[in-house]
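Participant: The following comprises the amino acid sequence and a computationally predicted model.
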Amino acid sequence: MSYCAFGIRKFASLILYCLCLVCSYVHCVIGAVIERKRERDLFVSCGVDSRKPPAAATIFFGANDAAILGRTSERQHVPLEEFKENLRKIVLHLKECSPTILIVLITPPPVDEEGRNEYARSLYGEDARKLPERTNEAAGVYAKKCLELAEEMGIRSINLWSKLQETEGWQKKFLRDGLHLTPEGNAVVHQEVVRVFKEAWFSADEMPYDFPHHSVIDGKNPEKAFEQRCI
């Protein structure tokens, strides 16, 4: 996940809030906070401390990798098969650090091509590009590869590309500039991740508390409850 996944009403923040009610980062680390934009960049730079491996990870790439060659964002393009193999290497690396880790692959979201064009015109006016630098068709091809890999490796996945398009008017409801998620779009990702986590018996309700529940804390002697928790 990139830093764009965090913030008010962003899906990663929502997930972390739900889990942090009962657990610390030692018990659960969701994804990785990085400013890099493609899975190729993450594969080059990622590192997981195997002494404190994450309990779960979401892998959410493809929107930039699917940029069209020969157009304005081609520097972000990653060939389809390389995209798939890099995802495979990331999954294997995480499993090497923690064989029991829960991994969820999330496909890239759909692309609203007209929304991308409108956004470009709002920035550059008449100088805006004439052809979209991304297409929904290309995003769908990368989404398919993501799902294909998840099936091959026996890990869980979320078909966000299809899920968002099930809603009428998804273009404006879920995408703020034809590509990046709105708060409503982030809410869908959050709901889907929580659903998949729960299917894997990985949810806040099923996890132990790091600290005593307030109902067992004696207001006159609060230290006692914490001492018992640490024993």
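Facilitator: Perfect, I can see it now. Numbers count the residues shown, from 1 in each chain.
Participant: quick one, helices of this structure?
Facilitator: Assigned by DSSP state H, the helices in the chain fall at 11-20, 39-45, 80-97, 113-124, 136-153, 160-165, 170-174, 183-199, 223-230.
Participant: So which residue is dead centre in the protein?
Facilitator: With distances taken as CA atoms, centre = their mean, Phe60 lies nearest the centre of the chain, 4.1 Å away.
Participant: Can you tell me how far the nearest residue to Ala200 once chain neighbours are set aside is from Arg156?
Facilitator: Of all residues not flanking Ala200 in the chain, Leu102 sits nearest, at 5.3 Å (CB to CB, 6 or more residues apart in numbering). (Glycine included, C-beta is placed from N, CA and C.) According to CB to CB, to the nearest Å, Leu102 and Arg156 sit 7 Å apart.
Participant: Quickly list what's touching both of those two.
Facilitator: Ala200 (CB atoms under 8 Å, 6 or more residues apart in numbering).
Participant: Looking at these two, which one has more neighbours?
Facilitator: Set Leu102 next to Arg156 and count neighbours by other CB atoms under 10 Å: Leu102 wins out with 19 against 16.
Participant: do you know how far the more buried one is from Ser122?
Facilitator: For Leu102, the distance to Ser122 equals 40 Å [CB to CB].
Participant: any weak-confidence spans in this protein?
Facilitator: Along the chain, the parts satisfying pLDDT under 70 run over 1-52, 128, 204-211, 226-231.
Participant: quick one: buried residues of stretch 212-230?
Facilitator: Across stretch 212-230, burial judged by 16 or more other CB atoms under 10 Å covers 212, 225.
Participant: hmm, I was thinking of stretch 70-87
Facilitator: In stretch 70-87, counting by 16+ other CB under 10 Å, buried: 73, 76-78, 80, 83-84, 86-87.
Participant: Just the buried positions in stretch 176-192, please.
Facilitator: In stretch 176-192, counting by 16+ other CB under 10 Å, buried: 176, 178-179, 181, 184-190, 192.
Participant: OK, contacts around Asn94?
Facilitator: Quick fix: residue 94 is Leu, not Asn. Leu94 makes contact with 48, 53-54, 57, 101, 103, according to CB under 8 Å, 6+ apart.
Participant: between those residues, which is nearest Glu199?
Facilitator: The nearest member of the contacts of Leu94 to Glu199, counting by CB to CB, is Ile103 at 13.5 Å.
Participant: Tell me, how many residues neighbour the residue nearest to the closest one when sequence neighbours are not counted?
Facilitator: Excluding its sequence neighbours, the residue lying closest to Ile103 (CB to CB, 6+ apart) is Ile155, at 4.8 Å. Burial of Ile155 is recorded as 17 neighbouring residues (other CB under 10 Å).
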